[in-house]
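Participant: Quick one: sequence and predicted model below, then my questions.
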Amino acid sequence: MRILGLDFGEKTLGVAISDPFGWTAQGLETIHRKEEEEMKATWARLEEIIKEYQVQEIVLGLPKNMNNTLGPRAEKTIEFQTKLQKKFSLPIHTWDERLSTVAATRSLLEADMSRKKRKQVIDKMAATYILQGYLDHLSNNILK
C-alpha cells in the first residue's frame, strides 16, 4: 500500500511517496505553480502520481503555530485538504508539520548543499519528513 505525503505551500507542493510496505518515505518531486490559486496543473500532476503509484492514502502536512494554534497558512491547507478529498476520494490524514522544513534545511546544510540547490528540493524534503513521521507513528502503534 502506497501513501502519498504532501507539503502544501503558497506556490509549491512538495511530494513524497512511501515504499510499498509503508516503511520509508522517499522524496518524489516539487510541483510549482505561479499563483497560489492556480491549481489546474497541480491537480493533473497529482492525479498522474496517484495512478502511477496506486496511492491509497494521503498525508498532508498541517502547519500549526508553535503554540498549537492554526493560523492563516493552516486554514489554507485545510481548504486544500477539502478540495483534495473531493477530487480524489482517498483517506486524507493531516500531520503536524512543525519544524519539518527546519529539519529538512538542517539536513541539506549538513550535506553542504548550495542555497540554490536547497531551494529546489526543500519542499520535497519537507514532504518526506512529514510522511516519514506519519509512517513511524503507524509502525510504533502496530508494535505496541
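Facilitator: Nice, I can see it.
Participant: going forward, measure contacts and count neighbours with C-alpha atoms only.
Facilitator: Fine.
Participant: for the protein, what spans make up the helices?
Facilitator: Along the chain, counting by DSSP state H, helices occupy 40-53, 72-88, 100-110, 115-143.
Participant: Any chance of JSON lines for those helices, columns mean neighbour count, distance to Val59 and mean pLDDT?
Facilitator: Converted to JSON lines, these look like this (neighbours: other C-alpha atoms under 10 Å; distance: least, C-alpha to C-alpha, whole Å; pLDDT from 0 to 100):
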{"stretch": "helix 40-53", "mean neighbour count": "14", "distance to Val59": "13", "mean pLDDT": "96"}
{"stretch": "helix 72-88", "mean neighbour count": "15", "distance to Val59": "10", "mean pLDDT": "94"}
{"stretch": "helix 100-110", "mean neighbour count": "16", "distance to Val59": "14", "mean pLDDT": "66"}
{"stretch": "helix 115-143", "mean neighbour count": "19", "distance to Val59": "6", "mean pLDDT": "80"}
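Participant: Among those, which comes closest to Ala16?
Facilitator: Ala16 sits nearest to helix 115-143 of all the helices of the chain, at 5.1 Å, using C-alpha to C-alpha.
Participant: okay, the helices of the chain in JSON lines with distance to Asp19 next?
Facilitator: Putting the helices of the chain into JSON lines (distance: least, C-alpha to C-alpha, whole Å) gives the following:
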{"stretch": "helix 40-53", "distance to Asp19": "10"}
{"stretch": "helix 72-88", "distance to Asp19": "20"}
{"stretch": "helix 100-110", "distance to Asp19": "20"}
{"stretch": "helix 115-143", "distance to Asp19": "10"}
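Participant: Figure out which of the ones you listed is closest to Phe8.
Facilitator: Of all the helices of the chain, it is helix 72-88 that lies closest to Phe8, at 6.6 Å by C-alpha to C-alpha.
Participant: how about the CA coordinates for that closest one, as PDB?
Facilitator: As requested, the backbone C-alpha atoms of helix 72-88 are provided in PDB (Å, rounded to 0.1, in the frame of the first residue of the first chain):
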ATOM      1  CA  PRO A  72      -3.800  31.500   8.000                       C
ATOM      2  CA  ARG A  73      -1.500  29.000   6.400                       C
ATOM      3  CA  ALA A  74      -3.100  26.100   8.200                       C
ATOM      4  CA  GLU A  75      -6.500  27.400   7.200                       C
ATOM      5  CA  LYS A  76      -5.500  27.400   3.500                       C
ATOM      6  CA  THR A  77      -4.100  23.900   4.000                       C
ATOM      7  CA  ILE A  78      -7.400  22.700   5.400                       C
ATOM      8  CA  GLU A  79      -9.200  24.200   2.400                       C
ATOM      9  CA  PHE A  80      -6.700  22.400   0.100                       C
ATOM     10  CA  GLN A  81      -7.500  19.200   2.100                       C
ATOM     11  CA  THR A  82     -11.200  19.600   1.400                       C
ATOM     12  CA  LYS A  83     -10.600  20.100  -2.300                       C
ATOM     13  CA  LEU A  84      -8.200  17.100  -2.300                       C
ATOM     14  CA  GLN A  85     -10.800  14.900  -0.700                       C
ATOM     15  CA  LYS A  86     -13.400  15.900  -3.300                       C
ATOM     16  CA  LYS A  87     -11.000  15.400  -6.200                       C
ATOM     17  CA  PHE A  88      -9.600  12.000  -5.300                       C
END
